[in-house]
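>>> Return atomic coordinates for the entry below.
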Amino acid sequence: MSTGNMNLTLKVWRQKNNNTKGALVDYKLAGISPDMSFLEMFDVLNEELINKGEEPVVFDHDCREGICGMCSMFINGRPHGPKDLVTTCQLHMRSFNDGDTIVVEPWRAAAFPVVKDLTVDRSAFDRVIAAGGFISVNTGNAQDANNLPIPKMQADAAFEAAACIGCGACVATCKNASAMLFVSAKISQLALLPQGQPERYRRVQSMVAQMDAEGFGNCTNTGACEAECPKGISLENIARMNRDFASAKFISEETV
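Next up is the predicted model:
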């Protein structure tokens, strides 16, 4: 861990678009504060590139607070970098040492085509959600909370599943580029609550079908997705999704 300003070598993936070949390009940075976030370090790099008349590195970001799920960098072979339970924007340069070489790449998955440089198209996740990640209710005033008592264990499990920010780290780290952790979390957050019961079996069939249609791979059962998830989403959600999917074939099979 570095305490003083650092000199670093960055190997950054540069690619014009998904139809052209990309390559790692070397950049030297000097005087990087250990208190900078990883994205702030990239801001410094881009400012230097712009001042030289070169094209800045394109990368996704938004809230920079670990909430939105936009930041998506594969850093030294790990999604979001060397720290557990943090997103790229929460990673600080004190996690690296003076003189380090840092390799930064985009998410690698057929379902996440490169838009440019480190930015990938994750709209496949949006289409999976649109296939069934919702509940159908009448509009109007919300019911009083006490009308729907929910056991605390179920409420906590639903809350933990809902913590998924849809960043795609699970897909990026899986050797099959499987999205089952993401999809199962979005299914579980509704399946564990009373409001999600009427459409429970239709939901799991529709979302799994859309996941397959988007080109995501099958689960490897190695658990890399849970290990690299910045929100610690549990593999228990995948087991729940598989049970619901199997039950749906006997109880309420849908043509999707």
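
>>> I'd guess residue 248 is in a helix, am I close?
Yes: assignment of residue 248 by DSSP: H, G, I helix; E, B strand; the rest coil places it within a helix.

>>> What does the pLDDT read for the closest residue to it other than its chain neighbours?
Using CB to CB, 6 or more residues apart in numbering and skipping residues adjacent in sequence, the residue nearest residue 248 is residue 201, 3.8 Å away. For every residue, glycine as well, the C-beta is placed using N, CA and C. We have a pLDDT of 93 for residue 201.

>>> And residue 252, by the same measure?
68.

>>> what does residue 141 give?
80.

>>> Would you list the phi and psi of it?
phi -70, psi 140 (degrees, to the nearest 10).

>>> what about the residue nearest to residue 248, neighbour count?
20 (other CB atoms under 10 Å).

>>> just the one 5 residues further on next, same as before
Neighbouring residues of residue 206 were enumerated by other CB under 10 Å; the total is 20.

>>> excluding its backbone neighbours, what's nearest it?
Using CB to CB, 6+ apart, the closest residue to residue 206 is residue 132 (3.9 Å).

>>> I'd guessed that neighbour sits against residue 201; true?
No: Residue 132 lies out of contact with residue 201 (CB atoms under 8 Å); the separation is 10.2 Å.

>>> so residue 8 sits in a strand?
Yes: under three-state DSSP, residue 8 falls within a strand.

>>> Could you double-check that it lies in contact with residue 103?
No: Residue 8 lies out of contact with residue 103 (CB under 8 Å); the separation is 11.4 Å.

>>> Out of these two, name the residue with the larger neighbour count.
The residue with more neighbours, out of residue 8 and residue 103, is residue 8; 21 against 14, by other CB under 10 Å.
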